[in-house]
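J.: Return a 3D structure for these sequence lines:
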Amino acid sequence: MASLSLKHIYKVYSGGVRAVSDFNLDIDDKEFIVFVGPSGCGKSTTLRMIAGLEDISSGELYIDDKLVNDVEPKDRDIAMVFQNYALYPHMTVYDNMAFGLRLRHVPSKVIDEKVQEAASILGIQHLLSRRPKALSGGQRQRVALGRAIVREPKVFLLDEPLSNLDAKLRVQMRTEITKIHHRLATTFIYVTHDQTEAMTMGTRIVVMKDGIVQQVDTPTTLYDNPANLFVACFLGSPQMNIFKAKLVEENGNLYALIGETNKVMIPKSRALRIIDNSIIGSEVLLGIRPEDVHYEQALVDAHPESVIEATIDVIENLGNETILYLNVEGKEDYTISRVNSRYTFEQGEKVKMYLATDHAHLFDPTTEFTLMGVPDYNLIPAQAVAVEGTLAVMFGDTVIKLPEELLNRITDKSVINNQVLLGIPPTALKAEGEEGDAYIEGVAEFYDNYPRFKAVYAAVPGMKNYLIVSRPLDSEFVGGEKIKTYVDISKIQLFSADGERLIADAPLAGNTTKGTIANVNGTFGYRFAADNGTKNKMSFDNYTIEADESGVKQHKTKFDDLQTADVETPMYIMPRGMAIDKESLAQTPKMVLTGIIKHLDEYRKDAIVTVEMAGINGDLTAIIRNFAGYNTGDKIKLAVNPHAVVVGEYESVAAVVTSEAAQNEGEVRRKEIEAARAKEKELEAAAKQPAKPKKEQAATTAEPAEKAEAAKKPAAKAKPAARTTAVKRPTAKKK
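T.: Numbers count the residues shown, from 1 in each chain. Below you'll find the model as predicted:
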């Protein structure tokens, strides 16, 4: 039995072809993990790296907490079942199954016991004397499985073992493999491109695309809560319907506008789970699965707020169900509906369809990431304020002071005393902390159970969205209860308005050096040297040659603000001033620096790269947008923008934050924020005060006027008091 851990695994082939990028996964003992994805996504390559048949370009692979990167395949205690079975044609089934044990000099009696037991499990005892050519495809597959079973390995690796079988046999063998997993109670890792196999066999599924893990979760969670558009459309047949829509709010309800005529309501149960309410009023992608597009008249009549009009174009009757391909105004491709086969339809028929939006999904049209559920980060609009000798992130009643170690990893000085997006992973919010730890207080309103944690949605002052907190599944929940959660500051992140990550996972190098910048007839020559004696140089032609109307060629200056340094002086290169795309490298071929990648810090499509570079003190840090094609240890070319070369001493974010100017400005900002928050609290308190009854308000308003009027009138003569019957007041009952 074994657990596995894959940490930052990369596979890069010669020529810079990246098959697997930053693969991270922890596999528990006895799990059945399925790698699924389209051809070329890197799933088989990952499996072969686990087996030791492919070298790992970068990263660490552990089996039972033992690092096995350099361990030979035969010593990893794993067994692999290949797509093509790989049976010895000249050996009997018995000998094929026993061959591995004989190589290990296992006693004959033990071999016979193991082979007979495996054959019994697989139901191939009557085939032991046959050779592979006398077996069917399914029987050969069983033999390949038997050869793996007799070894009793820690881990079974299966690489598309059913792809060569016919449909009926695949279903049968799928069931057999699942039964074998339960019977052997060991770890299985299974590769397939068939989503049905993945959904029916795996305890957890790893969805991959272009060498990158898209999502890891249980089959049900992947189907109901896809992390992005690819996962949503890859799992499910027919695939999810995707509508271009606009979210609007009307009378307290949320609607999705599809085209000009169709409008469907998003129920509050789904609207509450929107990650960022700022998307309201924006274009989104609305996802509805075919089984949630209903034809039944009772449902159409019961939900008029979620009905669309459509025209039937294609009808597929499958016997047990009917698939309708519908034309819907505002959608370019078909809308697919899975309905009961008992209904009859005609091509060209106009129908009304109910969209069950209580199962709707929303995706960002640009990033294609989900806008519902549990995100990588809680994104919180906040202020980064320089106070008390450090940088504090403030929102609502929460103040999170950043330690110096984290300040040295901030990539942009402009965040100081400015607005930022604070990113806090749900897993970075803990139920317990120590005195002095940063914490957030709010009110827990509802929760969702996920396979490995409970997602608690908390209303927090200063946040328009809910704060999503990860809690153990067995933790108690009381709706409306106050919640105090401590922040693991080491895991927080800052983002710019356009989603760029602003905190690297390692301190910035600074990119400092000494050198000169000479301007000779418009050509800027950059020469610099590091303290260790290494040197480097670049040049930039700050002009273009253009012909005027008469055809005379003239020099035209590109930039008027480039710096020069005639004598050797300190300088540095800004991390954001470098690019790796072919266009940038071709435009300024003499402004290219070449070095070796020492460290990669990737997030989605961007990377913060640490490069060993001649002429630079220490290492060079480059922040690259749309990063791809490189691995640690690779040679990399960086096109440098001439504006990124700055004359003067480099000043870190930690140094800028502690400066007197930043601290004074921060103190002013802090007081403004606190005053604004105090005003908000006053308004919130006033809103909570119960309103006075209208009669009481009228009486209160009229009373002074009546008294004034009475004062003007002369006093009337007293009349004898009329005899009245006393009114008995109700006596309050004692509790």
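
J.: What average pLDDT does stretch 563-583 get?
T.: The average pLDDT for stretch 563-583 rounds to 94.

J.: Alpha carbons of it, in PDB - could you do that?
T.: Taking C-alpha atoms only, stretch 563-583 is exported to PDB below (Å, rounded to 0.1, in the frame of the first residue of the first chain):
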ATOM      1  CA  GLN A 563      18.600  57.800 -19.700                       C
ATOM      2  CA  THR A 564      22.400  58.000 -20.300                       C
ATOM      3  CA  ALA A 565      25.400  57.500 -18.000                       C
ATOM      4  CA  ASP A 566      28.800  58.600 -19.300                       C
ATOM      5  CA  VAL A 567      30.700  57.400 -16.300                       C
ATOM      6  CA  GLU A 568      30.200  54.100 -14.500                       C
ATOM      7  CA  THR A 569      27.300  54.300 -12.100                       C
ATOM      8  CA  PRO A 570      24.900  52.000 -10.300                       C
ATOM      9  CA  MET A 571      21.900  50.900 -12.300                       C
ATOM     10  CA  TYR A 572      19.200  48.200 -12.400                       C
ATOM     11  CA  ILE A 573      16.700  46.600 -14.800                       C
ATOM     12  CA  MET A 574      13.000  46.600 -13.900                       C
ATOM     13  CA  PRO A 575      11.600  43.100 -13.700                       C
ATOM     14  CA  ARG A 576       8.500  44.100 -15.800                       C
ATOM     15  CA  GLY A 577      10.700  45.400 -18.600                       C
ATOM     16  CA  MET A 578      11.500  42.100 -20.200                       C
ATOM     17  CA  ALA A 579       9.700  39.800 -22.600                       C
ATOM     18  CA  ILE A 580      10.300  36.400 -24.200                       C
ATOM     19  CA  ASP A 581       7.900  36.400 -27.200                       C
ATOM     20  CA  LYS A 582       9.300  36.100 -30.700                       C
ATOM     21  CA  GLU A 583       8.000  39.500 -31.800                       C
END
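
J.: Return the set of buried residues in that stretch.
T.: The neighbour-count check on stretch 563-583 (16 or more other Cβ atoms under 10 Å) flags 565, 570-580 as buried. C-beta: built from backbone N, CA, C; applies to glycine.

J.: all strands of the stretch 501-650 of the chain, in order?
T.: Counting by DSSP state E, counting those that start in this stretch, the stretch 501-650 of the chain has strands at residues 512-520, 523-529, 535-541, 543-547, 553-557, 565-573, 578-579, 592-603, 606-612, 620-624, 635-640, 645-647.

J.: For the nearest residue to I78 once chain neighbours are set aside, which residues are in contact?
T.: Leaving aside its chain neighbours, I78 sits nearest to V155 (4.4 Å; criterion: Cβ to Cβ, 6 or more residues apart in numbering). Shown in contact with V155 (Cβ atoms under 8 Å, 6 or more residues apart in numbering): 2, 4, 50, 63, 76-79, 186-189.

J.: Beta-bridge partners for V155, please?
T.: Counting by DSSP bridges, V155 is bridged to I78, T187.

J.: about what we covered before: looking at pLDDT only, which of the contacts of V155 scores worst?
T.: When these are compared by pLDDT, A2 scores lowest at 80.

J.: Counting neighbours, what do you get for that one?
T.: Neighbour count for A2, taken as other Cβ atoms under 10 Å: 20.

J.: between the host helix or strand of A19 and strand 592-603, how many degrees?
T.: Assigned by DSSP states H and E, A19 falls within strand 17-27. For strand 17-27 against strand 592-603, the angle between stretch directions is 30 degrees (axes from the mean of the first three to the mean of the last three Cα atoms, to 10 degrees).

J.: any residues touching strand 17-27, and which ones?
T.: For strand 17-27, the external contacting residues (Cβ under 8 Å, 6+ apart) are 3-13, 33, 42, 45-46, 49, 59, 187, 189, 206, 210-213, 216, 600, 602, 628-631.

J.: With stretch 461-469 instead?
T.: Residues outside stretch 461-469 that contact it (Cβ under 8 Å, 6+ apart) are 272, 274-278, 374-375, 378-382, 395-398, 424, 426, 429, 440-442, 444-445, 455-460, 483, 485, 677, 680.

J.: chain center to it: distance?
T.: Relative to the centre of its chain, stretch 461-469 is centred 18 Å away, using Cα atoms, centre = their mean, to the nearest Å.

J.: Report the rounded mean pLDDT for it.
T.: Averaged over stretch 461-469, pLDDT sits at 93.

J.: what's the span of that stretch, first residue to last?
T.: By Cα to Cα, to the nearest Å, the extent of stretch 461-469 from end to end equals 15 Å.
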